[in-house]
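J.: sequence-free structure coming up:
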């Protein structure tokens, strides 16, 4: 039976493997690039503010004007055309997929244990 030290050692090894993985590195590089790009930051902030405005109107059961919806779509189009944000979105998707696969690999033996205990 594995003791806590063995588990922590394996967890640390997994962390090191993840830190060295190109998908993880690409994700952090893309995050840094987006943080340092003022245009990207302005777009993100403007989009978030417009989205918050629309959500608040909806919560208050007030009408959302066509101009508000158009402004939101405009920010989304600008974000979609930003190379920095495109790289970030792709890196986020790749990172999410990697982490889902890692979690599934860890969950599989646990699910087997639960199934055995319920049988």
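T.: Ah, there it is. As the structure is a prediction and not an experimental result, all values here were calculated from the model.
J.: use CA for all of it now, contacts and neighbours both
T.: Fine.
J.: ok, residue 94 - how many residues close by?
T.: 16 (other C-alpha atoms under 10 Å).
J.: please read the previous query as pertaining to residue 41.
T.: By other C-alpha under 10 Å, the residues close to residue 41 number 15.
J.: what mean pLDDT does the helix or strand harbouring it have?
T.: If you go by DSSP states H and E, residue 41 is part of helix 38-59. Regarding helix 38-59, the rounded mean pLDDT is 96.
J.: in whichever helix or strand comes after it, what's buried?
T.: Downstream of helix 38-59, the first helix or strand assigned by DSSP H and E is helix 66-81. For helix 66-81, burial by neighbour count (16 or more other C-alpha atoms under 10 Å) applies to 71, 72, 75, 76, 79.
J.: list the buried residues of the helix or strand containing residue 6.
T.: Assigned by DSSP H and E, residue 6 belongs to helix 4-20. Applying a neighbour-count criterion of 16+ other C-alpha under 10 Å, one finds residue 18 buried in helix 4-20.
J.: any idea of the mean pLDDT for it?
T.: Averaging pLDDT along helix 4-20 gives 96.
J.: and what of stretch 63-80?
T.: Mean per-residue pLDDT for stretch 63-80: 95.
J.: and the contacts of that stretch?
T.: Applying C-alpha atoms under 8 Å, 6 or more residues apart in numbering, the contact partners of stretch 63-80 are 40, 43, 44, 46, 47, 50, 51, 54, 57, 58, 85, 86.
J.: fine, thanks again, bye for now.
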